[in-house]
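> what would the 3D arrangement of this be:
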Amino acid sequence: MTGCVRPPVLAVLFCVRDRLPRLRCVLLLSALAGSSFVPTRPSAAENWPAWRGPRHDGVSREAPAPAAWDIAQDVAWSLPLPGPAGSTPIVWDDRLLLTSASGEELVLICASTQGEELWRRTLSEGNEAVRSDEGNFASPSPSTDGRHVWTLVGTGVLACHALDGTPTWQFNVEDRYGALDLQFGMASTPLLHEGRLYLQLIHGDGDPQTREARIVCLDAATGDELWQTERPSDGREECEHSYASPLLFLGGKQPLLLTHGADYLIAHRLNDGGEVWRLGGMNPPGSYNPTLRFVSSPVAAEGMIVVPSAKGGPVFGLTGAGEGDVTSDKTAVKWRMPRNTPDVPSPLIHDGLVYLCRENGTLICLDAETGEELYQERLVDDRHRASPLWVDGKLYCVSRRGIVSVVKAGRSFELLARNATGEDISASPVFANGVLYLRTFASLKALPSR
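Down below sits the predicted model:
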């Protein structure tokens, strides 16, 4: 990387570092450099085991993290990928895992954190491009517990592999729960929590008599069903199609599973999927929009839930409390922003602030307690599909053309840098163990902290 000055022996070692496991490299460097050498290590280093990270909120507790970089000089490595995808890579220790299109196949790839592909497994045949260049059947992200990795692809194939690539179990959710009838393909990422895998299957064909909307809980070790429950809604037409992902809320009296789609956010009990409460008001009957499908997922952090809608509609700040229909419950709804929801990127909560990166590149910052708008600024005049990342006091927002806007976190807007990758991106950025990972349509890139 540019800007680094090292003694000659250390320079030689760093030239061959990629051939050594990370820990051996650090120990060897320390021994040859003498006791005065202290390797730079991220504070509170942590893995990134799922889409949106270890707490499912897009927040990393690590530091430092780069703000500006030269993509030609500062990338430690760039691993070519066999095809495009919007799924987010995950990281566990020295392993990276991601799903990808590869021609007509959908594959799971495992790479080392030194940029070497270790193994590849075919998950399914029958990839399809959706909505022109918007995506394909490799949209859901994988999840891992450090021993196994779970994947879902748009053909309906749900699979579990050991971290060495050994198949554990696999089945097609369409065989168990009916055809995945979604206009733009399955994009919802299953939620892994304490040995269970939660799926929200919210889709349908417009006929209330044959509507398919259910929540399923599986034993993650075996794939066996633990429970399933219907998810009733009066949503109709394209509103029956949800591309959002399920989420946990752990900040209340009991843990809740949140599912977002078909005009409602619904909170379910974890033991049986029973409904505790639901939030409506995102698609009012008097001005009903039959194409208001949810893509952006809610986020839960700091004891609250932020709920997006679609197509410039409202955003809600919730306490997570309540029973039944909480749409008009002032103890459940902290605030309501009437317009300017992000349509695809999911919200982010950190340090009493809510960040909304809209699909048109506008970044909005709100006070988390009151919903007061603190600023609204345009980042890049481009589509934004990735969800924002918070790390080291910085917010990373990625445009479809691969421009990474880095904004200083806080109540006033300060753009720190715009960084071009030169490659299309729809996957969310990842920060793990001192490295920023950017998954483009062509490659996976690693940018170590300076």
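> so what pLDDT did residue 207 get?
As predicted, residue 207 sits at a pLDDT of 57.
> cool, and residue 33?
Predicted confidence (pLDDT) at residue 33: the value is 36.
> ditto for residue 30
Confidence at residue 30, expressed as pLDDT, is 34.
> all numbers from here: first residue = 853
Let's use 853 as the start, then, which means that last one is residue 882.
> for the residue nearest to residue 904 when sequence neighbours are not counted, give its distance to residue 1204.
Computed as C-beta to C-beta, 6 or more residues apart in numbering, the closest residue to residue 904 that is not its neighbour in sequence is residue 910, at 4.7 Å. All C-beta spots, glycine's among them, are computed from the backbone N, C-alpha and C. Residue 910 is 16 Å from residue 1204, where distance means C-beta to C-beta, to the nearest Å.
> ditto for residue 1217
Going from residue 1217 to residue 1204 by C-beta to C-beta gives 11 Å.
> next one: residue 966
Residue 966 is 38 Å from residue 1204, where distance means C-beta to C-beta.
> what kind of secondary structure is residue 1026 in?
helix (DSSP: H, G, I helix; E, B strand; the rest coil).
> which ones are touching it?
With contacts taken as C-beta atoms under 8 Å, 6 or more residues apart in numbering, residue 1026 has the following neighbours: 1007, 1008, 1032.
> can you pick the most crowded of the residues you listed?
Looking at the contacts of residue 1026 with neighbours defined as other C-beta atoms under 10 Å, the largest count falls to residue 1008 at 21 neighbours.
> which residues does it contact?
1024, 1025, 1026, 1027, 1032, 1038.
> pick out the most distant pair among those residues.
Distance extremes for those: the farthest pair is 1027 and 1038 at 14.2 Å, using C-beta to C-beta.
> neighbour count for the two, which is higher?
Set residue 1027 next to residue 1038 and count neighbours by other C-beta under 10 Å: residue 1038 wins out with 24 against 10.
> higher neighbour count, residue 1217 and residue 1204?
The residue with more neighbours, out of residue 1217 and residue 1204 and counting by other C-beta under 10 Å, is residue 1217; that gives 22 against 11.
> need the pLDDT of the residue nearest to that one when sequence neighbours are not counted.
With C-beta to C-beta, 6+ apart as the criterion, residue 1217 has its nearest non-adjacent residue at 4.6 Å, and that residue is residue 1226. The per-residue pLDDT reported for residue 1226 equals 98.
> burial of residue 1226, as a residue count?
Using other C-beta under 10 Å, the number of residues around residue 1226 comes to 14.
> so who does it touch?
Counting by C-beta under 8 Å, 6+ apart, residue 1226 makes contact with 1205, 1217, 1218, 1219, 1263, 1264.
> which stretches of the stretch 1053-1202 of the chain have low pLDDT?
Counting by pLDDT under 70, the stretch 1053-1202 of the chain has low-confidence residues at 1057-1063.
> many thanks, we can stop here.
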